[in-house]
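[1] everything below, folded, please.
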Amino acid sequence: MAKQITTQFKLQAPGGQATPAPPIGPVLGQHGVNPGQFIQQFNERTAQQNGKICACVVTVYNDRSFDFEIKSSPAPILIKDAAGIAKGSGVPNKDKVGKITQEQLEAIAREKLPDLNANSLEAACNIIAGTCRSMGVEIEG
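    Residues are numbered from 1 along each chain as shown. From the prediction side, this is the model:
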């Protein structure tokens, strides 16, 4: 018989460097997940993404066991890295804070494609371009 799912939640942590300190530990604890066990497995599976923010979906079962699926980094973080900026604009329609090239946009879209609700690279590029607009980042080319 299959295990019954108790809850499912999303979490973001630095790849290979997660610690059970807040905010990660308390979130895991409130859902009945052993923080030490989760952190050890998470750091092993994300070691190649050292320090880069990784998103994951954690599924907790009724016997307090858990599974988690690693997703790609959130799009705004990838855009900030590509543009070399610290944060997006507070007024994106007036203040532009950075620029990325069309090639950088396509690279981000390729990385995010499995996690996006898009059937083609062109559709994924449009989604990422919308995120750029809402951050005040211009696309060149």
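
[2] pretty sure residue 17 contacts residue 42?
    No. Judged on Cβ atoms under 8 Å, residue 17 makes no contact with residue 42 at a distance of 9.9 Å. Every C-beta, even on glycine, is put in place using the N, C-alpha and C of the backbone.

[3] of those two, who's got more company?
    Taking other Cβ atoms under 10 Å, residue 17 and residue 42 do not tie; residue 42 has more neighbours (24 against 15).

[4] what about the more buried one, which SS state?
    Classification of residue 42 using DSSP: H, G, I helix; E, B strand; the rest coil returns helix.

[5] assess the claim that it and residue 69 are in contact.
    No. Using Cβ under 8 Å as the test, residue 42 is too far from residue 69 to be in contact (11.2 Å).

[6] what touches both of the two?
    residue 56 (Cβ atoms under 8 Å, 6 or more residues apart in numbering).
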